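Engineer: Give me a 3D structure for the following:
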Amino acid sequence: MKIKENDGTLIDVYAIYWMKGKTYFYGLVKEYGLSVFNADKVEIIDPTMSGDFIFFEDGIFFNPLIAEGILDDLVEGDPETYRRFIEILKAEGRIDPDFL
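Structural biologist: Have a look, this model is predicted:
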């Protein structure tokens, strides 16, 4: 799934969750980690989610986020967790091998 911010930035989505009647996305921000995006404030460019996703609590998440227990650290911008997540994405062919 891909979303577009108001400034035109394209973001790959790795989770969708619902809270208090609102929809939110966790999208990968280069050199940081996962950031939260309110569905009402972005444009959905590609609605397709393919691959290893699971339902967990109140959302649908890319399975390695849950299986490896890295979601919270990734959202908090932990550099080591970011590097690990990028390794996972590269191994699965989800991002270019040159992606940092």
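
Engineer: Return the list of helices and strands in contact with the longest helix that the chain contains.
Structural biologist: Ranked by residue count and defined by DSSP state H, the top helix of the chain is helix 79-91. Packed against helix 79-91 by the contact rule (3 or more C-beta pairs under 8 Å, 6 or more residues apart in numbering; DSSP states H and E) you find strand 33-38, helix 63-67, helix 71-75. Placement of C-beta: from N, CA and C, glycine included.

Engineer: Let me know the pLDDT of the nearest residue to Ser35 once chain neighbours are set aside.
Structural biologist: Nearest residue to Ser35 in three dimensions, chain neighbours excluded: Val29, at 4.8 Å (C-beta to C-beta, 6 or more residues apart in numbering). In this model, Val29 is scored at 87, pLDDT.

Engineer: Can you get me a residue count around Val29?
Structural biologist: When neighbours are counted by other C-beta atoms under 10 Å, Val29 registers 15.

Engineer: Run through who's touching the longest helix of the chain.
Structural biologist: Under the criterion C-beta atoms under 8 Å, 6 or more residues apart in numbering, residues 28, 31-33, 64-65, 68, 70, 73-74, 95-97, 99-100 lie in contact with helix 79-91.

Engineer: CSV please, covering the helices and strands packed on helix 79-91 and showing distance to Ala15.
Structural biologist: Formatted as CSV, the helices and strands packed on helix 79-91 follow (distance: least, C-beta to C-beta, whole Å):
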stretch, distance to Ala15
strand 33-38, 7
helix 63-67, 7
helix 71-75, 8
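
Engineer: Could you find the residue nearest the spatial middle of this structure?
Structural biologist: Centroid-nearest residue in the chain, with C-alpha atoms, centre = their mean: Tyr14, separated by 2.9 Å.
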